[in-house]
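**Student:** Structure, please.
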Amino acid sequence: MHRTTSEEWVEATSRQLAEELKAVGPSTTEELADEKEPQCELDSPEEKARLEELRAALDPSVLEKASEEMLLLTLRGRRYCVQEAAARLPLYLQLREEYKLDEYSDQLQKDVACGKVIATGSRDTAGRPILLCRMRYHDASSSDTSAMVRVMLFTLELMLKDPVAQQLGVTVINDCEGLTTAHMDFEVLKVFFTGVFKRFPGRVGVVLVVNPPVFVQSVLSWFVQLLRPRTQKRVKVVANYGDLKEYVASDQLPMSYGGTLGGLSS
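**Tutor:** Numbering: from 1, shown residues only. Next comes the predicted model:
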């Protein structure tokens with residue numbers, strides 16, 4: 001079967017992206033949450049003790065900039081490893097400053113309003129909150145790579161105000177319905193796995209890729225090669241909306257996705 005120029009471009013781009021990520025090293029592609037239980041209960045004496053250990057381990061200049069909410073997010077997201085949390089927090093502060101996450105700019109407002117990234121308010125069967133991505137609403141001509149990364153981080157931060165989410169991570173549903181190569185910004189994927197995940201304290205529990213067209217399957221085939229087997233298992237291809245019920249209960253899915261909740265904004 002003759003392949004179109006678009007298909008050839010996607011394959012070449014996917015291969016190049018995979019090679020670039022592979023050159024960076026596997027550590028940047030291992031930020032999917034593992035299945036270990038949190039070591040401390042929320043607001044327990046043990047958690048408070050770890051929090052004080054983290055304060056003691058941090059440079060005063062970092063403590064001046066970090067709120068207690070940021071300390072807890074980092075500690076819980078790093079599975080209460082004080083040493084790892086102390087190393088991650090300065091990087092997180094740097095990331096927030098780089099993407100101006102405290103500024104609700106006109107561009108960010110537009111990116112939030114278009115509905116391409118949504119904190120659904122629902123949870124999967126493991127109790128993780130669900131982030132919905134609908135890249136068919138992404139207009140690369142008016143929203144560049146930095147803007148796309150910013151709206152993703154902004155939404156993740158909102159979701160991670162939930163202490164349970166800080167411990168368990170979030171589930172991402174990538175709805176590929178109506179997606180074309182014109183909507184894709186491969187640089188976003190590269191930026192996340194080379195510059196964001198190694199600085200962001202939260203974790204992603206599962207990524208569900210729903211209704212992927214052929215070119216997305218091509219991207220995934222190259223991308224998953226970079227992941228260790230245990231991490232590959234956290235990336236799931238879901239053929240249709242009905243199959244989402246394996247991961248999300250009906251009362252946590254909108255009606256447009258085969259559930260019983262109300263609709264989503266577009």
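**Student:** you'd agree Leu153 is up against Val196?
**Tutor:** Yes: if you go by C-beta atoms under 8 Å, Leu153 and Val196 touch, sitting 7.2 Å apart. In short, each C-beta sits where N, CA and C put it, glycine included.
**Student:** Mutual contacts of the two, please.
**Tutor:** Leu95 (C-beta atoms under 8 Å, 6 or more residues apart in numbering).
**Student:** helices and strands of this protein: which one bottoms out on pLDDT?
**Tutor:** Within the chain, no helix or strand scores below helix 5-24, which has a mean of 61 by mean pLDDT, DSSP states H and E.
**Student:** got the residue ranges for the helices in the protein?
**Tutor:** In the chain, the helices defined using DSSP state H lie at 5-24, 45-57, 60-65, 68-77, 82-98, 106-113, 145-159, 163-168, 186-191, 214-223, 229-232.
**Student:** Reformat the ones you listed as JSON lines; add distance to Gly121 and mean neighbour count.
**Tutor:** Below are the helices of the chain laid out as JSON lines (distance: least, C-beta to C-beta, whole Å; neighbours: other C-beta atoms under 10 Å):
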{"stretch": "helix 5-24", "distance to Gly121": "32", "mean neighbour count": "14"}
{"stretch": "helix 45-57", "distance to Gly121": "25", "mean neighbour count": "15"}
{"stretch": "helix 60-65", "distance to Gly121": "30", "mean neighbour count": "12"}
{"stretch": "helix 68-77", "distance to Gly121": "19", "mean neighbour count": "21"}
{"stretch": "helix 82-98", "distance to Gly121": "24", "mean neighbour count": "17"}
{"stretch": "helix 106-113", "distance to Gly121": "15", "mean neighbour count": "15"}
{"stretch": "helix 145-159", "distance to Gly121": "9", "mean neighbour count": "19"}
{"stretch": "helix 163-168", "distance to Gly121": "12", "mean neighbour count": "21"}
{"stretch": "helix 186-191", "distance to Gly121": "24", "mean neighbour count": "17"}
{"stretch": "helix 214-223", "distance to Gly121": "26", "mean neighbour count": "17"}
{"stretch": "helix 229-232", "distance to Gly121": "27", "mean neighbour count": "12"}
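**Student:** Of all these, which one comes closest to Gly178?
**Tutor:** helix 214-223 (11.9 Å; C-beta to C-beta).
**Student:** Arg128: which of the helices of the chain is closest?
**Tutor:** Of the helices of the chain, nearest to Arg128 by C-beta to C-beta is helix 163-168, at 4.9 Å.
**Student:** Quick check: mean pLDDT of that closest one?
**Tutor:** Taken as a whole, helix 163-168 has a mean pLDDT of 95.
**Student:** ok, now stretch 257-265?
**Tutor:** pLDDT averaged over stretch 257-265 gives 78.
**Student:** Give the rounded mean pLDDT of stretch 99-114.
**Tutor:** Stretch 99-114 comes out at a mean pLDDT of 95.
**Student:** And for it, what's in contact with it?
**Tutor:** Stretch 99-114 is contacted by residues 96, 117, 137-139, 142-143, 146-151, 153-155, 157 when judged by C-beta under 8 Å, 6+ apart.
**Student:** Swap in 7 Å and give it another go.
**Tutor:** Contact partners of stretch 99-114, identified using C-beta atoms under 7 Å, 6 or more residues apart in numbering, comprise 137, 143, 147, 149-151, 153-154, 157.
**Student:** now swap in stretch 170-181 and tell me
**Tutor:** Under C-beta under 7 Å, 6+ apart, the answer for stretch 170-181 is 6, 10, 124, 128-136, 156, 159, 202, 204-213, 215-216.
**Student:** right, and Asp251 touches Thr260 too?
**Tutor:** Yes: shown here, Asp251 and Thr260 form a contact pair, counting by C-beta atoms under 7 Å, at 5.3 Å.
**Student:** where does the residue minimising distance to the centre of the chain sit relative to Ile130, distance-wise?
**Tutor:** Taking C-alpha atoms, centre = their mean, the centroid of the chain lies closest to Val204, which sits 5.5 Å from it. Here Val204 is placed at a distance of 11 Å from Ile130 (C-beta to C-beta, to the nearest Å).
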